[in-house]
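In: Following is a predicted model, sequence given first.
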Amino acid sequence: MFQVFLPIVKIHINFLYIFLVTCSTGIISGMIGIGGGFLMIPTLIFLGVPPSFAIANGSNAILSTSVSGTLNAYYKKILDFTMGYYILSGALFGALIGTFAFKKFIKSGLINEITGMLFFILLTTFGIIMLYESIIEIYKNRKLKIAKKKRNKHYWIHGLPLKVRMHTSRLYTSIIPPIFFGFITGLISALLGIGGAFILMPLMIYALGMSINTARGTALFVVIGTMTFTTLFHSIANHNIDLVLILLLLSGSLIGVQIGTKISNKLKNEEIRFITAIIIVLFGLKFGKSLFFAAKQIKIIRKIEIEHQINIFSKLIYEFARNHSIIYGLTAVLIAIFFGSLTSYVARNFHK
């Protein structure tokens, strides 16, 4: 019951479970205001979707939520296009290297071990840092020792050459750090399928001195570029983009994002970060456990056994992906952009 066949992944998957899982990750994404790939893709892997397919299709779902978030930031005038373009230039170069490395890992048969190790290190490290900062912030608020943060504080990093004025961010800084940060983010994004906003935002806030809201909107703008590139590459080079899985992921995540946005209005920023940090650490530890101990997999999927049981619709999608990979990849990207734009429009006009 509720079984849906994925023609590219070649497995049956429980629609209801996927919807609930993606809706839950979407709620958390909406609460913290970023794409949510750092939760969605690990969850898909835990549920039994092969990592190479989870990463490729998760990238497309993140593209959709990022489009929605970017449009919201644009309408609120908290999106710094100048900063975004420089970060994106580095991110695309990093994503190019990362996607070729990803293809090599698939051929070597080490993709599961490498992605597991990277997720373990990344999620655990960033989760602990976020948890520490949120606890400090909560403690300060309770002690009523909240010091007013100085905006536009300059660090040594702003003194590097090739300076450009970023009007929206109110910064006059070198383009070298944004390009470098973009490169690192793009590399990790391509390897793990995550948008990278949760990596990029702390760098933009603490290293570049951007405000939280501007950093969030600009980071999501960068994610659109990297996830578009990543989706197209996976479609053309690896043939592992599954339109059916994409639609399943979008249906839950976009609904969840709207719910999470409403919840975030009722919680303090430090409380949201505290909850998110605990979840991130738990996900990281789960990857660590699966690396060093035999982990049980939740059985929500079953592999297809008899080829002739595949219906005509599934065969058409499979042939489309194999024979017209560029058009197929563009179709996946356009679907994500359409649903992301539609979600932003609905949120602005019907949920005021």
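Out: Arrived safely, thanks for sending. Numbering: from 1, shown residues only.

In: my guess is residue 284 contacts residue 118, does it?
Out: No: in this structure residue 284 lies outside contact range of residue 118 using C-beta atoms under 8 Å: 10.5 Å. (Glycine included, C-beta is placed from N, CA and C.)

In: quick one: which of those two has more around it?
Out: residue 284 (22 against 15; other C-beta atoms under 10 Å).

In: Could I get the CA-only coordinates of the one helix or strand the more buried one maps to as PDB?
Out: Assessed by DSSP states H and E, residue 284 sits inside helix 269-292. The C-alpha trace of helix 269-292 is given here as PDB (Å, rounded to 0.1, in the frame of the first residue of the first chain):
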ATOM      1  CA  ASN A 269      16.300  32.600  17.000                       C
ATOM      2  CA  GLU A 270      18.500  31.000  19.600                       C
ATOM      3  CA  GLU A 271      15.800  28.500  20.500                       C
ATOM      4  CA  ILE A 272      15.500  27.500  16.800                       C
ATOM      5  CA  ARG A 273      19.200  27.200  16.500                       C
ATOM      6  CA  PHE A 274      19.300  25.100  19.700                       C
ATOM      7  CA  ILE A 275      16.700  22.600  18.400                       C
ATOM      8  CA  THR A 276      18.300  22.500  15.000                       C
ATOM      9  CA  ALA A 277      21.800  21.900  16.400                       C
ATOM     10  CA  ILE A 278      20.600  18.900  18.500                       C
ATOM     11  CA  ILE A 279      19.000  17.400  15.300                       C
ATOM     12  CA  ILE A 280      22.200  18.000  13.300                       C
ATOM     13  CA  VAL A 281      24.400  16.400  15.900                       C
ATOM     14  CA  LEU A 282      22.100  13.300  16.200                       C
ATOM     15  CA  PHE A 283      22.200  12.900  12.400                       C
ATOM     16  CA  GLY A 284      26.000  13.200  12.500                       C
ATOM     17  CA  LEU A 285      26.300  10.600  15.200                       C
ATOM     18  CA  LYS A 286      23.900   8.300  13.300                       C
ATOM     19  CA  PHE A 287      26.400   8.400  10.300                       C
ATOM     20  CA  GLY A 288      29.200   7.700  12.700                       C
ATOM     21  CA  LYS A 289      27.400   4.700  14.100                       C
ATOM     22  CA  SER A 290      26.700   3.300  10.600                       C
ATOM     23  CA  LEU A 291      30.400   3.700   9.800                       C
ATOM     24  CA  PHE A 292      31.800   1.800  12.700                       C
END
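
In: helices or strands up against that helix?
Out: helix 15-32, helix 37-46, helix 111-142 (3 or more C-beta pairs under 8 Å, 6 or more residues apart in numbering; DSSP states H and E).

In: Can you spell out which helices and strands pack onto the shortest one?
Out: Applying 3+ C-beta pairs under 8 Å, 6+ apart, one finds that helix 37-46 contacts helix 15-32, helix 51-75, helix 111-142, helix 176-192, helix 269-292.

In: Swap in 10 Å and give it another go.
Out: helix 15-32, helix 51-75, helix 111-142, helix 176-192, helix 197-202, helix 243-264, helix 269-292 (3 or more C-beta pairs under 10 Å, 6 or more residues apart in numbering; DSSP states H and E).

In: so which of those helices gets nearest residue 96?
Out: With C-beta to C-beta, the closest approach to residue 96 among these belongs to helix 176-192: 7.7 Å.

In: follow-up on the earlier one: as CSV, the helices and strands packed on helix 269-292 with distance to residue 223 would be great.
Out: Converted to CSV, the helices and strands packed on helix 269-292 look like this (distance: least, C-beta to C-beta, whole Å):
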stretch, distance to residue 223
helix 15-32, 11
helix 37-46, 8
helix 111-142, 16
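
In: how about the ones you listed in TSV, adding mean pLDDT and distance to residue 86?
Out: Below are the helices and strands packed on helix 269-292 laid out as TSV (pLDDT from 0 to 100; distance: least, C-beta to C-beta, whole Å):
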stretch	mean pLDDT	distance to residue 86
helix 15-32	79	24
helix 37-46	78	22
helix 111-142	79	23
